[in-house]
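Enquirer: I'd like to go over a predicted model; first the sequence, then the structure.
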Amino acid sequence: MYDFDELERRVHACTACTLSETRTNAVPGEGSRTADLMLIGEGPGFYEDRDGRPFVGPAGKFLEELLASISLTREDVYITNMVKCRPPNNRDPLPSEIEACRPFLDRQLEIIEPKVLVTLGRHSFAKFFPGETISRARGKERPWNNIMLYPVYHPAAALHNPKLRSTIEDDFSRLPSLVESATARQAGPVEVPDETKQLSLFD
Ligand code: SF4
């Protein structure tokens, strides 16, 4: 088992999938390593690849607004992505790329042990509950191991769509009470699903 500094070193040096060949910077994630609230997006985009930081483009600005609406800053939460390197032309990450990058996300979950895990968009939601649609699942908390998982739309999808925008704003407004109730309920260490279960995500 390795610590968070070693995790970041490994991400920056990683060549486990072909996204390493086209990235400018790997983007491990950033924020509080003891955060109660962790957010997982899909993958770095142009600005994130350029700066080596998650959610720094227009969608990131919107995410900061959403956090501010519940009196939080980026420093209060931990923000990362399913894949740590940018897919070319911002295409969707491939299942094989998500699988190659999975150990890093699993280790982040083990170390941070968030109370509430917000999945941003369909890919990060599908890691935990494959086969369900984000439009039906969003805004409904559910347990996953010892964490309260809470799916919402991706900020990029909601950025220019007034209907989705108000939906994601409403969904974020519930987060403080979810963190409070998850904190009251949570006990014991985070368990990472076994390999067999993980592999079935992409059947
Ligand atoms: Fe490694 Fe993940 Fe980057 Fe692929 S996306 S090269 S698995 S860090």
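Expert: Ah, there it is. If you're wondering where the values come from, they're calculated on a predicted model, not measured in any experiment.

Enquirer: pull the helix or strand with minimum mean pLDDT from the chain.
Expert: Across the helices and strands of the chain, mean confidence by mean pLDDT, DSSP states H and E is lowest for helix 195-199: a mean of 42.

Enquirer: show me what contacts M82?
Expert: The contact partners of M82, by CB atoms under 8 Å, 6 or more residues apart in numbering, come to 40-43, 93, 98, 101, 105, 123-124, 127. Every C-beta, even on glycine, is put in place using the N, C-alpha and C of the backbone.

Enquirer: swap the cut-off to 6 Å and go again
Expert: Neighbour list for M82: 42, 98, 123-124 [criterion: CB atoms under 6 Å, 6 or more residues apart in numbering].

Enquirer: Which one (most neighbours) among the residues you listed?
Expert: When the contacts of M82 are compared by neighbour count (other CB atoms under 10 Å), S124 ends up highest, at 27 neighbours.

Enquirer: which residue sits closest to that one, ignoring its sequence neighbours?
Expert: When the adjacent residues along the chain are set aside, S124 lies closest to I40, with 4.3 Å between them (CB to CB, 6 or more residues apart in numbering).

Enquirer: next one: E97
Expert: Nearest to E97 is C17, by CB to CB, 6+ apart, at 4.7 Å.

Enquirer: Could you do T119 as well?
Expert: Computed as CB to CB, 6+ apart, the closest residue to T119 that is not its neighbour in sequence is F125, at 4.3 Å.

Enquirer: which strands and helices sit next to the helix or strand hosting the one you found?
Expert: Using DSSP states H and E, F125 maps to helix 122-128. Identification of packing neighbours for helix 122-128 by 3 or more CB pairs under 6 Å, 6 or more residues apart in numbering; DSSP states H and E yields no helix or strand.

Enquirer: List the buried residues of the helix or strand following it.
Expert: Toward the C-terminus, helix 122-128 is succeeded by helix 134-137 as the next helix or strand (DSSP H and E). Buried residues in helix 134-137, counted by 16 or more other CB atoms under 10 Å: 134, 137.

Enquirer: Now do helix 134-137: everything it contacts.
Expert: For helix 134-137, contacts defined as CB under 6 Å, 6+ apart pick out 122, 125, 151.

Enquirer: partners of the next helix or strand after that helix in the sheet?
Expert: As assigned by DSSP H and E, the chain's next helix or strand after helix 134-137 is strand 142-144. Strand 142-144 has the following strand partners under DSSP bridges: strand 147-152 (antiparallel).

Enquirer: Pull the contacting residues for the nearest residue to P93 once chain neighbours are set aside.
Expert: Leaving aside its sequence neighbours, P93 sits nearest to V83 (CB to CB, 6+ apart; 4.5 Å). Shown in contact with V83 (CB under 6 Å, 6+ apart): 43, 93, 97, 101.

Enquirer: What count of nearby residues applies to the second one?
Expert: By that I understand P93. P93: 22 surrounding residues under other CB under 10 Å.

Enquirer: quick one: it and C85 touch, right?
Expert: No. P93 is beyond contact range of C85, at 9.2 Å (criterion: CB atoms under 6 Å).

Enquirer: Sounds good, over and out.
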